[in-house]
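> The following block contains a protein sequence and its predicted model.
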Amino acid sequence: MRKLLFAAQLLGGLLALLACAQASFAQDSPIERKFANPRADVDRALQGIQDSFKGRLPILEGFVDETSQPLEHFERGYYECAAKVTSFTDGGTLVRITARVTAWYSGPSAAQSGYRVLPSNGRIETDLLDRLGELLSKNSAGAPPVSLTAPSSPALAGVSRSSVSLPSVPLRASLPDAPSRPYGTAEAAPEPIEDLRTLRQRREDAERKVKSLNEDVQNFEEILSNQSHPDNLAVVRKAGTPILAKQGGAVLLAADAQDEFEILGLDGNWVHVQISGVSRGWVQRAQVELPEGFAASKKNEGDRDPVFHVTREETHTYTGASQQLQGKAVRIVWVALVSEINQTTTAEAKKNFAQDTFARTYKEQAATAQPPAGVVIVFDSSDGGQVSVVFSVLGQWQAGSLTDDSFWKQCSVDPPDLFQETQKP
C-alpha cells in the first residue's frame, strides 16, 4: 500500500512537470512553415509585410493564453514579431515566426503595476505566415507551402541555416522609465485610444448639461416676461449722480448708473424720490430717465415753474378742527402761490404739494429731540384751506405701513373738498 501511494505521488509530480513544460513551450516556441519558394523570394515577401510585424492589439482575448491574472486587468496590448529564415538544399525555405505580447497590468497597488509579457497562443504568428504564403502565391506559381515538423526533426539534418536580415528588437517585461516607448523601439508607441464607452458617456453627460442649462434660460426668460415693471421709477443715467437731502442741499448718496428710485413728485427741474423706508431725497430731472407716460401725466407740475412755495414754518399750539391735536404742539407750514398774477392751480396740485411737504417735514422733525404731535399745512391763498395729521400716523405712512389712500383718510381736511376738483357750470 505504501509503495502504491508513493507511485501515485511520483506520477502526479511528473504530470505537473509535463504541464509546466508544455506551457513554457506554448509561450516561447516559434511557429514555423516551409515554403517551396527560394530564399530571395521569401526575403522580399517578408519585407513587403514588415509593417505587420508589430502593432497595438485592440483586445487581448483570442491572442494570448490564459494567465494567472484575469485579462480584464490588462490594457494597452502590444505585439512584436521576429522572423528567422532558413534555406534548404532542395530550394525550399523555412520561415520561423516568434511573437511576444506585452500589456500594462493594473495591479492592486502602484508597486505591483507595470508592463508584462503575456504568452502568445500562436494566432499572430499563424496570421503572419498565412499572409506570407498568400503574397508568395501571387508572386510565384510555385508549389503551395507545406507544413514542417519541429526544428529538431531529422528531416532538417545537414541543412544550412542563417538568420534573415529583418531587424529584431527585444522586448522588456516592464518599462516604468519610458512608458511612451514601451518596447525599446526607436519609434514611440501610439497614444492609447480612449475607451468608446467612456467617450459616449462623456458626450451624454455634456448633452444633459446643455439641456439643463437651456431649460434654466427658458425659465428665466419666462419669469422676466411675466414680471410687471413699476411705471413710477426714475432711472439714474450716470454713475456718481448725487441724491440730495433737499433741493440744492447736502448729498445723501451717490447713485450708480441704472439705479431706480420711486418717484414721489416733481418740482420744476427736481424729482422727489424715495430712497428706502422713510428716507427721501431730491435729484435733478436731467440726471434721470422718467418712465414713459409719467412726465406727461405730471406735466402741469413738472414742465413749468412750481405753483406753491413754503413761506414760513413754526411750532404752535393747535386750535383747529382736529380733536386729536387740540391743545398740542404742532408744526405749522404756511404755503402760498408763487405768483398771484395769472397763476392758476388745481386740487391735484395742492394735494401733491401737501404730500411732498408732509414727507419733508416728517423727516426734519423726526430728527429733533422732541417731535411735534402733528403737522398742519395751511394754504395761504384766496381759496384757502388746510390739512393736518397726527405725527405718528405720518410716521406709519412714511414707513410704508399705510397706503396713500389710508393716509389721506386719517388726515383732517378743511374744507372737506380741498383736494377735490370743483365742477364749473
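That came through fine.

> Any buried residues in stretch 116-131, and which?
For stretch 116-131, the buried set under the neighbour-count rule, 16 or more other Cβ atoms under 10 Å, comprises 116, 118, 119, 120, 121, 122, 124, 125, 127, 128, 129. Where you see a C-beta, it was placed from the backbone N, CA and C, and this is true even at glycine.

> how near is residue 314 to residue 386?
14 Å (Cβ to Cβ, to the nearest Å).

> who has more neighbours, these two?
Neighbour totals were compared for residue 314 and residue 386, and residue 386 leads with 22 against 9 (other Cβ atoms under 10 Å).

> Please name the residues that touch the more buried one.
320, 376, 377, 378, 379, 413, 414, 418 (Cβ atoms under 8 Å, 6 or more residues apart in numbering).

> one more time with 10 Å
320-322, 332-335, 354, 376-380, 412-415, 418 (Cβ atoms under 10 Å, 6 or more residues apart in numbering).

> same thing with residue 312?
332, 333, 334, 335, 336, 378, 380.

> I'd like those residues as TSV, with pLDDT appended.
Converted to TSV, the contacts of residue 312 look like this (pLDDT from 0 to 100):
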residue	pLDDT
332	93
333	93
334	90
335	88
336	84
378	91
380	81
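
> ok, which pair from those residues is furthest apart?
332 and 336 (13.5 Å; Cβ to Cβ).

> Which neighbours do these two have in common?
Joint contacts of residue 332 and residue 336 (Cβ under 10 Å, 6+ apart) are 312, 378.

> Comparing those two, which residue is more hemmed in?
Shown here are residue 332 and residue 336; by other Cβ under 10 Å, residue 332 has more neighbours (21 against 15).

> any idea how far that one is from residue 325?
On the measure of Cβ to Cβ, residue 332 and residue 325 end up 11 Å apart.

> what residues do those two have in common as contacts?
With Cβ under 10 Å, 6+ apart as the test, residue 332 and residue 325 both reach 317, 318, 372, 374, 375, 376, 388.

> Buried ones among those residues?
Taking 16+ other Cβ under 10 Å as the criterion, what is buried in the shared contacts of residue 332 and residue 325 is 318, 372, 374, 375, 376, 388.

> could you dump those to TSV with distance to residue 34, secondary structure and pLDDT?
As requested, these are exported to TSV (distance: Cβ to Cβ, whole Å; DSSP: H, G, I helix; E, B strand; the rest coil; pLDDT from 0 to 100):
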residue	distance to residue 34	secondary structure	pLDDT
318	132	coil	91
372	125	coil	94
374	125	strand	95
375	122	strand	95
376	128	strand	94
388	127	strand	94
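
> Just the closest of those residues to residue 41, please.
Of those, the one sitting nearest to residue 41 (Cβ to Cβ) turns out to be residue 375, at 120.1 Å.

> beta partners of that closest one?
residue 331, residue 389 (DSSP bridges).

> can you offset everything so residue one is 282?
All set: I'll call the first residue 282, so the last point we hit is now residue 656.

> contacting residues around it?
594, 606, 611-614, 635, 638-639, 642-643, 646, 668-672, 674-675, 692 are the contacts of residue 656 under Cβ under 10 Å, 6+ apart.

> do the same with residue 405
By Cβ under 10 Å, 6+ apart, the residues touching residue 405 are 312, 333-334, 336, 338, 344-345, 360-362, 378-382.

> Mark which of the residues you listed are part of strands, please.
Judged by DSSP state E, the contacts of residue 405 include 312, 336, 360, 361, 362, 378, 379, 380, 381, 382 as members of strands.

> quick one: the last one and residue 341, what's the gap?
Put plainly, it is residue 382. 7 Å.

> Overlap of the contact sets of those two?
355, 358, 360, 399.

> Okay, the second one and residue 673: tell me how far apart.
When you say that, I think you mean residue 358. 89 Å.

> ok, now residue 600?
Residue 600 is 20 Å from residue 673, by Cβ to Cβ.

> Please pick the buried ones from the ones in strands among the contacts of residue 405.
Buried among the ones in strands among the contacts of residue 405 by 16+ other Cβ under 10 Å: 312, 360, 361, 362, 378, 379, 380, 381, 382.

> ok, those residues vs residue 570, which is closest?
residue 360 (76.4 Å).

> I'd guessed that closest one sits against residue 339; true?
No - in this structure, residue 360 is not within contact of residue 339 by Cβ atoms under 10 Å, at 11.2 Å.

> mind listing the strands for the stretch 282-431 of the chain?
Secondary structure of the stretch 282-431 of the chain by DSSP state E, counting those that start in this stretch: the strands cover 312-316, 335-337, 355-368, 374-386, 395-399.

> a markdown table for these, including distance to residue 496?
Shown next, in a markdown table, are the strands of the stretch 282-431 of the chain (distance: least, Cβ to Cβ, whole Å):
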| stretch | distance to residue 496 |
| --- | --- |
| strand 312-316 | 61 |
| strand 335-337 | 43 |
| strand 355-368 | 38 |
| strand 374-386 | 42 |
| strand 395-399 | 48 |
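
> nearest to residue 522, of these?
Comparing those under Cβ to Cβ, the one sitting nearest is strand 355-368, at 66.5 Å.

> List the buried residues in the closest one.
Buried residues in strand 355-368 (16+ other Cβ under 10 Å): 355, 357-368.
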